[in-house]
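**Q** I'll drop the sequence and a predicted model, then ask my questions.
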Amino acid sequence: MAKISKEQLEAIRKIDLLTYMQSCEPTSIRKCGRETYELREHDSLKINNGKWYWFSRGFGGVSALDFLIKVRNMDFVSAVNILIDSRASPIFIAEAIKPIKDKPKEKFVLPDKFWDNFRVIAYLISRGIDREIINYCIEKRALYENKEHHSCVFVGRDKENKAKFACLRGIYGRYMKDLPGSDKSYSFSIPVKEPCGNSLYVFESPIDALSKATVDKYEKGGDWNSVHRLSLGGTSDKALMRYLSDYPEISSVVLCLDNDKAGIEAAEKLISKLEKTEHPLYGKYNVNIRLPTVGKDCNDMLKAIINENKIQHQKTKVQSL
């Protein structure tokens, strides 16, 4: 067998049986249905939708290489040589070794702001998030209302306060989207208020980060901005590793991801990665998982706490009558 590249061999493996037959043995097959062909010498061998199956023998395959080995009883080298010489192979090989052009990176541009943030504020309050925390994020230019669709725009900035990332969250329905050109390593975080301690709380979404800040404000008597809070924009570790690099004072990481299979598995992977990451000052990170105590995520937990407080308030009013 002539020496061929790995890419060429992969291309040979992708030649389907119908393409091979139509190119090299057109008289060996005949049409027997709308998109089905059969072998003239073995009419129980059917070819359809890129696959073939020999019904009388009870086996099949997905490629011409499979066919030559299993039906024509060729060895691997002989079968590959047949396909290299076939008229079907040049198309596949050319496609396999064709250089892949890099897509031009889309320019990152923040969407225009609406003249106020009334709809976004009302939406986030309806999710239970505290007004002071919302106003703080707006003031720090980490949150605003989109002019075109009136959606929430959560902005991720670098340490020089330059916008690098933005995700949109519709206030009607479940519309969510990262802005084209966004750098995922600069995902949304609640701007730190110095000094901010050495603990970082990590979430899947901006709303979960805001929700946990609200819970902390209720439970700690107003002290909600004494820790770092970062949204990953999913479960990727890109934003986490960059944030830890930017804030070397952080030694403790608390993973508050969703209480579902994907969130738990992601948290376990992050723990495994952080255990292998050397801290520039402390040697090792102190990492903990803190799942929502109620519901799937931190916003579910916040709404449950608000509802429980309402119920307790109503009970107190009844008892005082």
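**A** All right, it came through fine. Numbers count the residues shown, from 1 in each chain.

**Q** shouldn't Arg30 be in contact with Glu38?
**A** Yes: using Cβ atoms under 8 Å, Arg30 is in contact with Glu38, at 6.2 Å. C-beta here means a position set from N, CA and C on the backbone, and glycine is covered the same way.

**Q** Compare the two (neighbour count), which wins?
**A** Glu38 (19 against 11; other Cβ atoms under 10 Å).

**Q** Looks to me like the more buried one is in a strand.
**A** Yes: Glu38: assigned to a strand according to DSSP: H, G, I helix; E, B strand; the rest coil.

**Q** And for it, nearest residue in space, chain neighbours not counted?
**A** Distances taken as Cβ to Cβ, 6 or more residues apart in numbering place Cys32 nearest to Glu38, at 4.7 Å, with adjacent residues excluded.

**Q** quick one: contacts for the one you found?
**A** Contact partners of Cys32, counting by Cβ atoms under 8 Å, 6 or more residues apart in numbering, are 38, 43, 46.

**Q** which stretches of the chain form strands?
**A** 29-31, 36-39, 45-48, 51-54, 59-61, 143-145, 152-157, 163-169, 176-178, 189-190, 199-203, 228-231, 252-255, 286-289 (DSSP state E).

**Q** Select, out of these, the one closest to Ser86.
**A** When these are compared by Cβ to Cβ, strand 29-31 sits nearest Ser86, at 14.7 Å.

**Q** which one of the strands of the chain is the most hemmed in?
**A** Highest mean neighbour count among the strands of the chain (mean count of other Cβ atoms under 10 Å): strand 189-190, with a mean of 27.

**Q** which helices and strands does that one pack with?
**A** helix 131-139, helix 206-219, strand 228-231 (3 or more Cβ pairs under 8 Å, 6 or more residues apart in numbering; DSSP states H and E).

**Q** mind running it again at 6 Å?
**A** Applying 3 or more Cβ pairs under 6 Å, 6 or more residues apart in numbering; DSSP states H and E, one finds that strand 189-190 makes contact with no other helix or strand.

**Q** quick one: average confidence on it?
**A** For strand 189-190, the mean pLDDT works out to 96.

**Q** Adjacent strands (with direction) for it?
**A** Strand 189-190 has its sheet partners listed here by DSSP bridges as strand 228-231 (antiparallel).

**Q** Just the CA coordinates for the partner strand, please, in PDB.
**A** C-alpha atoms of strand 228-231 as PDB (Å, rounded to 0.1, in the frame of the first residue of the first chain):
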ATOM      1  CA  HIS A 228     -16.300  38.000  45.200                       C
ATOM      2  CA  ARG A 229     -19.200  36.700  43.000                       C
ATOM      3  CA  LEU A 230     -18.600  35.300  39.500                       C
ATOM      4  CA  SER A 231     -21.000  33.900  36.900                       C
END
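
**Q** Let the chain start at 15 from now.
**A** Sure thing, new numbering starts at 15, so read that last one as strand 242-245.

**Q** Sketch out the low-pLDDT regions of this protein for me.
**A** 15-17, 101-102, 105-117, 293-297, 324-335 (pLDDT under 70).

**Q** Please parse it into its domains.
**A** Using automatic domain parsing, the domain ranges for the chain come out as 20-111, 132-334.

**Q** closest one to Pro118 among those domains?
**A** So among the domains of the chain, domain 132-334 is nearest, using Cβ to Cβ, at 10.5 Å.

**Q** rewinding a little: reformat the domains of the chain into CSV and put distance to Asp126 next to each item.
**A** Formatted as CSV, the domains of the chain follow (distance: least, Cβ to Cβ, whole Å):
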stretch, distance to Asp126
domain 20-111, 43
domain 132-334, 4
